[in-house]
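Enquirer: Sequence below, structure please.
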Amino acid sequence: MTTLTEFLSTADADSATALVQAHAFSEQVLKPIDERMMNERTVMGLIGMESGETFMQSLEAAPDNMIPARVKAWFKPSEAGIDVATPSAVGLIDAMAGAGAITEAEAGVLKGYAYNTVTPFSNATLYDIIKSRESLDHLLVGKGDLRDGYLVVKLTASCERYSAVFEAKNPRTGEWQPANVINSVEAAGKYECKVPQFCYEWEKRLENPHGLFEVV
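Expert: Numbers count the residues shown, from 1 in each chain. Here you go, the predicted structure:
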């Protein structure tokens, strides 16, 4: 399945536009093998009795050098069926379409049975887009901004709900590391988070993707 980072590599450079694209994005994902097995009942259910019967009759009538008897047997209702995602199954369906037993559209329906259509980014937020692109803005926090070990900030306007990560820069590694989080940032107003004592003297910052946070 496509990751958000992979999707964004070809999405619009404007993050708001990319969010709209992400919500609309869909792709086909292979089903588990026990959900993509196809037999006669499956064929009938997918393309209807009339077309399904034509398919099955053409299958049975095909010479064994084209479609072996064991393959024909897999389509019987008593059998588990054939894995429609395999190249041999795809080739068989295409052969039936080529012979006129089914239409190209019906062949597409049968081959599509192997997949589920998913919308992996339908719940993505602008925060997700900006963070995945590593383009988050941050509110820098000094030691003098702390109140009895807490950082108190004000969100100046409402925004999509997200959780803002508070980070501190480890002087030994030079890397920013999570130190706390402000959950459910959404409504305009004041928020606070406890600042761990070990990072009082470290550089500190708070994720500020929409530019709406300011220290109180």
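Enquirer: hang on, isn't Ala107 packed against Gly100?
Expert: No. Using Cβ atoms under 8 Å, Ala107 makes no contact with Gly100, being 11.1 Å away. (Each C-beta comes from the backbone N, C-alpha and C, glycine too.)
Enquirer: Have a look at those two and say which one is more surrounded.
Expert: Ala107 (20 against 9; other Cβ atoms under 10 Å).
Enquirer: Where is the longest strand in this structure?
Expert: strand 176-185 (DSSP state E).
Enquirer: how about that strand: buried residues?
Expert: 176, 179-180, 182, 185 (16 or more other Cβ atoms under 10 Å).
Enquirer: a markdown table for those residues, including pLDDT and distance to Glu192?
Expert: Listed next are these as a markdown table, based on pLDDT from 0 to 100; distance: Cβ to Cβ, whole Å:
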| residue | pLDDT | distance to Glu192 |
| --- | --- | --- |
| Trp176 | 97 | 21 |
| Ala179 | 97 | 14 |
| Asn180 | 97 | 10 |
| Ile182 | 98 | 8 |
| Val185 | 97 | 12 |
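Enquirer: Relative to Phe25, how far out is the residue located most distally from the centre of the chain?
Expert: Going by Cα atoms, centre = their mean, the residue of the chain most distant from its centre is Pro63, 43.6 Å out. As judged by Cβ to Cβ, to the nearest Å, Pro63 and Phe25 stand 44 Å apart.
Enquirer: Okay, the closest residue to Cys159 other than its chain neighbours and Ala179: tell me how far apart.
Expert: With Cβ to Cβ, 6 or more residues apart in numbering as the criterion, Cys159 has its nearest non-adjacent residue at 4.9 Å, and that residue is His210. Per Cβ to Cβ, His210 is found 21 Å from Ala179.
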